[in-house]
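Undergrad: With the sequence up front, the predicted model follows.
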Amino acid sequence: MLKHVALLALLLPLSAPMHATPSPANDEAQIRAARAFSNQSIKRRNLLGVGNSLAENFVAVVGDGSFVPSRAAYLKLFQQDFNSPKTSIRYERITDTVQVSTAHPIAAEQGHWIGTDANGNVAYTGTYMAMWERSKGGWKLRSELYVTLAHH
């Protein structure tokens, strides 16, 4: 019996998931990579890619102050934009800072955003704040708050 326990103890680390050890620097890099993937998904009109970064309980307040109560409602807004490429605004979020909580499995992202029209002209700019949460599937957006500061 002791041999089996010793063998199990040796094999257990091999069967553990090969995830990077959580650390503030590693967590920040993962969040920045998830944001970059989300931006690329918007650029490519990839709704599944946009949804990949969102937690199931995601909520948002968009640039004009409207509340978006769910992940599904947020994705519906993107789908409407993707369906109208000649009149929609493409959004890019630029991360300025990421702070990882030492108290909870969450992080704060702050940055600015740019909305460009179909011709590539800047139409709107603003600032944003996002809450990320660490889950089994990696870092996911729990909530976002956007503020439109300028119409160009």
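TA: Looks like it came in fine.
Undergrad: Report all helices and strands that the helix or strand harbouring residue 133 contacts.
TA: Using DSSP states H and E, residue 133 maps to strand 122-135. On a contact count with 3 or more Cβ pairs under 8 Å, 6 or more residues apart in numbering; DSSP states H and E, strand 122-135 meets helix 24-43, strand 106-116, strand 138-151. In short, each C-beta sits where N, CA and C put it, glycine included.
Undergrad: Just the CA atoms of that strand, as CSV, please.
TA: Extracted as CSV, the C-alpha positions of strand 122-135 are listed here (Å, rounded to 0.1, in the frame of the first residue of the first chain):
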residue,chain,number,x,y,z
VAL,A,122,-11.4,58.7,-35.1
ALA,A,123,-15.1,59.3,-34.2
TYR,A,124,-15.0,59.0,-30.4
THR,A,125,-12.5,58.7,-27.6
GLY,A,126,-12.8,58.1,-23.9
THR,A,127,-11.6,56.3,-20.8
TYR,A,128,-12.5,53.0,-19.2
MET,A,129,-12.2,50.8,-16.2
ALA,A,130,-12.6,47.0,-16.2
MET,A,131,-12.8,44.4,-13.5
TRP,A,132,-11.3,41.0,-14.3
GLU,A,133,-11.8,37.8,-12.3
ARG,A,134,-9.6,34.7,-12.3
SER,A,135,-11.6,31.6,-13.2
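Undergrad: Any buried residues in that strand, and which?
TA: 123-126, 128, 130-134 (16 or more other Cβ atoms under 10 Å).
Undergrad: Dump these to TSV, plus pLDDT and distance to residue 83.
TA: Shown next, in TSV, are the buried residues of strand 122-135 (pLDDT from 0 to 100; distance: Cβ to Cβ, whole Å):
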residue	pLDDT	distance to residue 83
123	97	18
124	97	20
125	98	24
126	98	24
128	98	24
130	98	25
131	98	29
132	98	28
133	98	30
134	97	33
